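> Next input, structure requested:
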Amino acid sequence: MHYIRESLPATGLVLDNGAGPGKYAMELAKLGYRVTLSDLTPGSVDIAQQKAKELDLTQQFDGFHVLDATHLNGIADETYDASLMLGPLYHLQVEEERVAAVRELHRVTKLGGIVFVAMQSRTRMGITSLQFPQQWKPHDHMEAIRSFVE
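Numbering: from 1, shown residues only. Below is the predicted model:
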């Protein structure tokens with residue numbers, strides 16, 4: 001959070017895309033930013049919304065949305081001063097999906113805005129695929145893992 005806070009403008013509208021239960025979104029809301037939270041998993045979005053209520057931060061949120069990172073439907077172009085995508089890129093296994101997610105983040109972030117993303121190395125992805133293969137389709141069998149890591 002330190003590097004994110006250090007790089008953000010003093011105020012503004014921030015998208016936390018692929019936010020899960022809202023760890024970063026809550027911290028940004030506490031700092032006074034207007035935040036929009038999105039995640040593919042309805043349960044995570046519900047948890048985030050409940051957390052915001054518990055922390056009395058609901059007024060800092062412009063919305064809690066169930067959205068696919070590759071299709072940010074309903075979000076206008078150049079809306080956000082800053083955008084975060086700190087999970088989806090390592091969950092998206094197909095290159096075209098990763099490209100689509102990055103394009104969408106670019107589309108909804110204002111010209112001159114700042115974007116934060118997180119990725120996993122191929123080595124880390126290979127190890128994680130071996131540990132939890134059922135969660136990393138299409139890399140859920142040895143041949144696919146070998147192909148991905150090479």
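> residues contacting Q49?
By C-beta atoms under 8 Å, 6 or more residues apart in numbering, the residues touching Q49 are T58, F64. Any C-beta I mention is one placed from the backbone N, CA and C, and that applies to glycine too.
> Okay, buried residues for the regular element (helix or strand) spanning it please.
According to DSSP states H and E, Q49 maps onto helix 42-54. For helix 42-54, the buried set under the neighbour-count rule, 16 or more other C-beta atoms under 10 Å, comprises S44, V45, I47, A48, Q49, K51, A52.
> ok, now how distant is the third one from V99?
Okay, so that is I47. 29 Å (C-beta to C-beta, to the nearest Å).
> can you check the last one too?
A52 sits at a distance of 31 Å from V99 (criterion: C-beta to C-beta).
> domains for the chain, by residue range?
2-119, 122-150 (automatic domain parsing).
> now T70, nearest residue through space, not along the chain?
A100 (3.9 Å; C-beta to C-beta, 6 or more residues apart in numbering).
> So which other helices or strands are in contact with the helix or strand harbouring that neighbour?
Element membership for A100 (DSSP H and E) is helix 95-108. Applying 3 or more C-beta pairs under 8 Å, 6 or more residues apart in numbering; DSSP states H and E, we find helix 95-108 packed against strand 13-17, strand 80-85, helix 88-91, strand 109-117.
> buried ones in that helix?
Result for helix 95-108 [16+ other C-beta under 10 Å]: buried residues E97, R98, A100, A101, V102, E104, L105, V108.
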